[in-house]
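Novice: My questions concern the predicted model and sequence given below.
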Protein chains: 2
Amino acid sequence: MSHYQKLVQHAQKIANFNHLAAISGWDQAAVMPSGGNEARSNAMAELSVLLHQLNTQPQLSDWFNEAEQEHLSPLEKASLREMKQRWQHANVLPQDLVQAKSLAGSKCEHAWRTQRKQNDWNGYAKNWQEVVNLSQQEAQIRSEANNSTPYDAMLALYEPGTTTESLDIVFNDVKSWLPNLVDRVIDKQDQECVLQPTGSFSTTSQKSLGLQIMQFLKFDFNHGRLDESVHPFCGGVPTDVRITTRYDENDFIQSLMGTIHETGHARYEQGLPKALAGLPIGEARSMGIHESQSLFFEMQLGRSPEFINHLSRMASQQFNAHQDLAFSTENFRKLYTRVEKGFIRVDADELTYPAHVILRYEIERDLMNGDITFQDVPELWDHKMQAYLGLSTKNNFQNGCMQDIHWTDGAFGYFPSYTLGAMYAAQFMASMRKQVNVSEVIESGDLSLIFAWLDENIWKKASQFSTNELVKQATGETLNAEHFKAHLKSRYL
Amino acid sequence: MSHYQKLVQHAQKIANFNHLAAISGWDQAAVMPSGGNEARSNAMAELSVLLHQLNTQPQLSDWFNEAEQEHLSPLEKASLREMKQRWQHANVLPQDLVQAKSLAGSKCEHAWRTQRKQNDWNGYAKNWQEVVNLSQQEAQIRSEANNSTPYDAMLALYEPGTTTESLDIVFNDVKSWLPNLVDRVIDKQDQECVLQPTGSFSTTSQKSLGLQIMQFLKFDFNHGRLDESVHPFCGGVPTDVRITTRYDENDFIQSLMGTIHETGHARYEQGLPKALAGLPIGEARSMGIHESQSLFFEMQLGRSPEFINHLSRMASQQFNAHQDLAFSTENFRKLYTRVEKGFIRVDADELTYPAHVILRYEIERDLMNGDITFQDVPELWDHKMQAYLGLSTKNNFQNGCMQDIHWTDGAFGYFPSYTLGAMYAAQFMASMRKQVNVSEVIESGDLSLIFAWLDENIWKKASQFSTNELVKQATGETLNAEHFKAHLKSRYL
Ligand SMILES: [Zn+2]
Ligand SMILES: [Zn+2]
């Protein structure tokens, strides 16, 4: 057996254990009774230890060296590249740093769950200082291995190929026009009358509507499920994708769009090529590309006027509300494109969302590069919120720098993926429109042509190419934020 | 760290992976879409390989030798005994035999699923011959290690401490009175008029009734769930017990009692001592004792006149059938104690069930001991069915020797557990009645005193004592089938 083949077998073994981790994780979030949590957490921790051992087996270094000398097809070379990148990410850190960060992160995240409610920055900062410190060490070590800045090395964990240099250019451009655009749109929307659908919308009815939309979006129910969890997510494995949603019996509007978002993630996973299953090259390209698919579904498709026609029709039917003006297409369109300046990223609309991300990007970049300290964060947050959205978070930590889970356990470098996803989604749509009459297709109710484009250009390609290469093949250019800007202007002005 | 402590840590590691196997197995049976099956099977096979490696690590032999020299408390000694017994079961067979049997079993079971429908004994026999052959080899090797007969060595996998010698005595006694008792009861019941509840009983209503009964039986929903699957089972782990049932919208009677049966299994698991969690000594004692708990719930409690009062009341309420004579207590009692001679073990009633088990016991005993060959089985089956239940299975393989899954992959030695369970359940009830006024307690609707007895005498003890010792502590004697006989006579004559 060639060393390349040995690496493939090893990757498939890891994929098998990752499969069990994914299903146990879904179970824990979606169906496990709370009394099962301790034993489950122990079992999953045991699995993590095993996965770490598999990812860091000493013989892998030799196997990679040998495999690189072997005669490989272009696809095998790309597969080797992806296996090696994962292996490097897992092996560059000393074991004691990995453990220390995991411990400090768990401790900080756990305490944060109550500290946030109590607006307790000082308590939080005590734990968080250690998380930041260990993350800075991590970034330093990764930067030496990658020959990049510390923040770029963290970014590479989520968005390999994306650099601070390119993000600075893109995000600075957004900052130059976004605040003004937000103000103009809010002014304009001030005149509008929007009705909130009122009533009691049973979980059963909402679920049945959600399933109907998933069917409309050609979610493959032979390879996936819809369930409930407190924090909606897309989990499972490509042959069995588990998406979840959360129902509020007073409001179906948010949950419905949440289901559409997760369906986008799910169809990407379901569309990954079977022939590459179990290999890193067969996985989703990056967090940003993953989010581009969920946001394509949620923002590009889901909030298009033609799609909203379908949505309002299906919702009227489900809730027997044909006479209710709140269920009219016109009102649905307003509901789903309402812009507001708010404190909370996860509640933000399409237009203000980038401001939340850019703020976090700038802070985590400077934090990882050692240009600021953890103590600077609240004040910087306040200044940037004032500058980008005109809101003060002074002494309002719980709705400021303590609102997200990401930093509590040191996931620095993740936030840009959200806005990169929105930008890629707009760019994909612009390209798709050259080949597909998107409006007509949505109107027709059979969206196959749209999904065929995504399948051909994104899903099928998995991680065969770098993000830049993938985007270039699909759209003729690398990331170009002009498409996003044009999309926002056309939708909101 | 002492060697005993090392063994404990190792056992807990195995328990963690068994936890993941249990949850993935539940998921596969209860919620997984069928398209997920191939990848899931691969992942679970990978986990089996890992578990096998853990159970057969070469250093364990030394650890056991060393630990046996260490100073241990009585509880630790018992724990060591259970760990060693499991280790011996897993290590006595050569690896190639394990693999060959697993392969032959999978092949035979898979083909059996269609062959049974086609009554294709010849096709089945081709695969089954190999399963029998490999199982005979297994029994031979185990018998040498155990210094017992081959069949006793197989029996020890499910019912350690139970021997052919004791089973022959007990089962021969049953054979001496059962056929006659069955005939008398059937004669008597011939006069009765029994009404089958008719109508459509929605899955939702049946589930809600099932949940109500589980609550009545004090199933702990903080440590378990009720779901659906084609073949009802009790799975999961003690802190998160997953029971399943199957609904037929034309008939709720069987499914309801099935839920009660699985609740019995579940409460045993939920009642296992937390302090011994993750250790073999903390697990259920044996298959027979497990079945004694489910049958205690189903037969001793569930079919008692006082319990049937509650059942008929709850069912009448759930299905709004107060006026329906089929829902009367009297009719429910008749429904749930109806005796019929039938071909199929899983459809058999309490009274005829032992005949099905004894038949299988006698055949698998002689097969493992090499006294008969696989070709003798259909004819023996027919003869024994004629003798015990007066039915012929000549050329009716699908309802004869091809009806069960157990033998298709070589689980010889399992069948006696069912009837042992029924006998232990009757014996436990007889003892309990000396301390608890069972009828009054059931009538009162608060069954706590009954569960306290089971908890104290069975659940809490887990595998601290041998089956014989456990039964003796609980009832003052080892297995005594007279209690079972007395129970049947009192209920059915
Ligand atoms: Zn998303
Ligand atoms: Zn059972």
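Specialist: Thanks, I have it. Ligands and ions are numbered 1, 2, ... in the order given.
Novice: okay, now the closest residue to residue A:356 other than its chain neighbours: neighbour count?
Specialist: Nearest non-adjacent residue to residue A:356, counting by C-beta to C-beta, 6 or more residues apart in numbering or on different chains: residue A:345, 4.0 Å away. C-beta coordinates here come from the backbone N, C-alpha and C atoms, glycine included. Around residue A:345 there are 18 other residues, counting by other C-beta atoms under 10 Å in any protein chain shown.
Novice: list the buried ones in the helix or strand hosting residue A:140?
Specialist: Here residue A:140 sits within helix A:121-146, counting by DSSP states H and E. Residues of helix A:121-146 classed as buried by neighbour count (16 or more other C-beta atoms under 10 Å in any protein chain shown): A:121, A:124-125, A:127-128, A:130-139, A:141-143, A:146.
Novice: Also stretch A:476-493?
Specialist: Those would be A:479, A:480, A:481, A:483, A:484, A:485, A:487, A:488, A:491, A:492, for stretch A:476-493 by 16+ other C-beta under 10 Å.
Novice: so who does the second one touch?
Specialist: For residue A:480, the set of contacting residues under the criterion of C-beta atoms under 8 Å, 6 or more residues apart in numbering or on different chains consists of residue A:427.
Novice: Okay, it and residue B:369: tell me how far apart.
Specialist: 79 Å (C-beta to C-beta, to the nearest Å).
Novice: Run a quick neighbour tally on the closest residue to chain B within the stretch 251-400 of chain A.
Specialist: Residue nearest to chain B within the stretch 251-400 of chain A: residue A:277 (7.1 Å; C-beta to the nearest C-beta). Applying other C-beta under 10 Å, we find 18 residues neighbouring residue A:277.
Novice: same check, this time on residue A:423
Specialist: Around residue A:423 there are 26 residues (other C-beta under 10 Å).
Novice: Helix or strand next in line after the helix or strand where residue A:434 lies, which one?
Specialist: Residue A:434 belongs to helix A:416-435 when assigned by DSSP H and E. Using DSSP H and E, the next helix or strand after helix A:416-435 towards the C-terminus is helix A:438-444.
Novice: What parts of chain A come near chain B?
Specialist: A:13, A:16-17, A:19-20, A:23-24, A:27, A:31-36, A:38-40, A:42-47, A:50, A:220-225, A:236-240, A:277 (C-beta under 8 Å from any C-beta of the partner chain).
Novice: Out of those residues, name the ones that lie in helices.
Specialist: A:13, A:16-17, A:19-20, A:23-24, A:27, A:38-40, A:42-47, A:50 (DSSP state H).
Novice: Which residue, other than its chain neighbours, is closest to the closest residue to chain B within the stretch 151-300 of chain A?
Specialist: Across the stretch 151-300 of chain A, the shortest distance to chain B (C-beta to the nearest C-beta) belongs to residue A:240, at 2.9 Å. Distances taken as C-beta to C-beta, 6+ apart place residue B:36 nearest to residue A:240, at 2.9 Å, with adjacent residues excluded.
Novice: pretty sure that neighbour is touching residue A:239, no?
Specialist: Yes. Assessed by C-beta atoms under 8 Å, residue B:36 is found in contact with residue A:239 at 5.0 Å.
Novice: hang on, the earlier thing: quick one: the helix holding residue A:140 to chain centroid distance?
Specialist: 22 Å (C-alpha atoms, centre = their mean, to the nearest Å).
Novice: Please work out the average pLDDT along that helix.
Specialist: Mean pLDDT, helix A:121-146: 97.
Novice: Toward the C-terminus, what is the element adjacent to it?
Specialist: helix A:150-158.
Novice: can you give me the strands in chain A?
Specialist: A:224-228, A:234-237, A:240-245 (DSSP state E).
Novice: Neighbours of residue A:369, how many?
Specialist: What residue A:369 shows, counting by other C-beta under 10 Å, is a neighbour count of 18.
Novice: is it possible to export the strands of chain A to TSV including distance to residue A:64, mean neighbour count and mean pLDDT?
Specialist: Listed next are the strands of chain A as TSV, based on distance: least, C-beta to C-beta, whole Å; neighbours: other C-beta atoms under 10 Å in any protein chain shown; pLDDT from 0 to 100:
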stretch	distance to residue A:64	mean neighbour count	mean pLDDT
strand A:224-228	34	19	97
strand A:234-237	26	24	98
strand A:240-245	31	27	98
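Novice: Can you say which of these is nearest to residue B:268?
Specialist: strand A:224-228 (28.7 Å; C-beta to C-beta).
Novice: That closest one: partners in the sheet, and parallel or antiparallel?
Specialist: strand A:240-245 (parallel) (DSSP bridges).
Novice: picking up where we left off before, buried ones only from the ones in helices among the residues of chain A next to chain B, please, as a ChimeraX command.
Specialist: Restricted to buried positions by 16+ other C-beta under 10 Å, the ChimeraX selection for those reads:
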select /A:13,16,17,19,20,23,24,27,39,40,42,43,44,46,47,50
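Novice: wait, residue A:473 sits on residue A:465?
Specialist: Yes. At 6.7 Å, residue A:473 counts as touching residue A:465 under the criterion of C-beta under 8 Å.
Novice: ok, the two, which is more surrounded?
Specialist: residue A:465 (17 against 13).
Novice: is it true that that one touches residue A:78?
Specialist: Yes. Residue A:465 is within contact range of residue A:78, at 7.4 Å (criterion: C-beta under 8 Å).
Novice: List the residues that contact residue A:324.
Specialist: Residue A:324 touches A:197, A:316, counting by C-beta under 8 Å, 6+ apart.
Novice: how close does it get to residue A:201?
Specialist: 12 Å.
Novice: so what's the closest residue to chain B within the stretch 1-150 of chain A scoring on pLDDT?
Specialist: Nearest residue of the stretch 1-150 of chain A to chain B (C-beta to the nearest C-beta) works out as residue A:36 at 2.9 Å. As predicted, residue A:36 sits at a pLDDT of 95.
Novice: do the same with residue A:116
Specialist: The model reports residue A:116 with a pLDDT of 96.
Novice: ok, now how distant is the closest residue to residue A:450 other than its chain neighbours from residue B:158?
Specialist: Using C-beta to C-beta, 6+ apart and skipping residues adjacent in sequence, the residue nearest residue A:450 is residue A:441, 5.7 Å away. As for residue A:441, its distance to residue B:158 is 60 Å (criterion: C-beta to C-beta).
Novice: Same list (the strands of chain A) but as CSV, adding distance to residue B:362.
Specialist: CSV is the format used below for these (distance: least, C-beta to C-beta, whole Å):
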stretch, distance to residue B:362
strand A:224-228, 46
strand A:234-237, 46
strand A:240-245, 44
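Novice: doesn't residue A:93 make contact with residue A:141?
Specialist: Yes. Contact between residue A:141 and residue A:93 holds when scored by C-beta under 8 Å: they sit 5.9 Å apart.
Novice: which residue sits closest to the spatially most central residue of chain A, ignoring its sequence neighbours?
Specialist: Most central in chain A under C-alpha atoms, centre = their mean is residue A:291, positioned 4.4 Å from the mean C-alpha point. In space, residue A:291 comes closest to residue A:421 once its chain neighbours are excluded; the distance is 2.7 Å by C-beta to C-beta, 6+ apart.
Novice: Could you count how many residues lie near that neighbour?
Specialist: Neighbours around residue A:421, by other C-beta under 10 Å: 25.
Novice: Report the contact partners of it.
Specialist: A:287, A:288, A:289, A:290, A:291, A:292, A:293, A:294, A:295.
Novice: Mind doing that once more with 6 Å?
Specialist: A:288, A:291, A:292, A:295 (C-beta atoms under 6 Å, 6 or more residues apart in numbering or on different chains).
Novice: Report the contact partners of the first one.
Specialist: Put plainly, it is residue A:288. Per C-beta under 6 Å, 6+ apart, neighbours of residue A:288: A:159, A:417, A:420, A:421.
Novice: 7 Å instead?
Specialist: Residue A:288 sits next to A:159, A:417, A:420, A:421, A:424, A:467 when contact means C-beta atoms under 7 Å, 6 or more residues apart in numbering or on different chains.
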